[in-house]
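S.K.: Following is a predicted model, sequence given first.
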Amino acid sequence: YHAYFRMLLNKGMHGSKRILSRAAVELMTTNRLTPEQQAVRNEMATNNVHISFGQGQHGGWGMGMAVRTYRGDYAPIGQFGWDGGTGTSTYADPDKQLTGILLTQVGVSTADSVHLIHDFWTTVYQAIED
């Protein structure tokens, strides 16, 4: 999983081998939602905030992953990845060239799981030295 996200950060390259084209990576990691779709997504995230961290709180959606379109916490615009329903969270940050992977497998049936994911990412970004 780490190698996959590093490859995306490297615009489709894994070491010296091209895995995906630059254009494919750009399509995957750029918000593809129309304004109408964005409005529905924002409403869903607002009404389901206890379970929607990563499923709408980031603002956008690329081809297969969430894409951050606004700055609401430590993570910058352009961060991309996915939070899973079993308490997993994986994102890449092109600005900082970092990846983070959290595999809790505790489920997202309570707000505690979502808070754990949020705390993980807060800690990751607070640990970065400028």
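M.R.: Ah, there it is.

S.K.: and the spatially most central residue of the chain, what helix or strand is that in?
M.R.: Centrality entry for the chain: nearest residue to the mean C-alpha point is G81, 2.9 Å, by C-alpha atoms, centre = their mean. Element membership for G81, per DSSP states H and E: strand 80-83.

S.K.: Need the CA coordinates for the particular helix or strand that has D112 in it. CSV is fine.
M.R.: Using DSSP H and E, D112 maps to helix 111-126. Only the C-alpha atoms of helix 111-126 are listed here, as CSV (Å, rounded to 0.1, in the frame of the first residue of the first chain):
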residue,chain,number,x,y,z
ALA,A,111,-17.5,8.3,16.6
ASP,A,112,-14.5,7.0,18.6
SER,A,113,-13.1,5.3,15.5
VAL,A,114,-13.4,8.5,13.5
HIS,A,115,-11.7,10.5,16.3
LEU,A,116,-8.8,8.0,16.2
ILE,A,117,-8.4,8.5,12.5
HIS,A,118,-8.5,12.3,13.0
ASP,A,119,-6.0,12.1,15.9
PHE,A,120,-3.7,10.0,13.8
TRP,A,121,-3.5,12.6,11.0
THR,A,122,-3.3,15.5,13.4
THR,A,123,-0.3,13.8,15.0
VAL,A,124,1.3,13.1,11.6
TYR,A,125,1.1,16.7,10.6
GLN,A,126,2.2,18.0,14.0
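
S.K.: Quick check: which helices or strands does that helix pack against?
M.R.: Helices and strands touching helix 111-126, by 3 or more C-beta pairs under 8 Å, 6 or more residues apart in numbering; DSSP states H and E, are strand 88-93, strand 98-103. Bear in mind the C-beta positions are built from the backbone N, C-alpha and C, glycine included.
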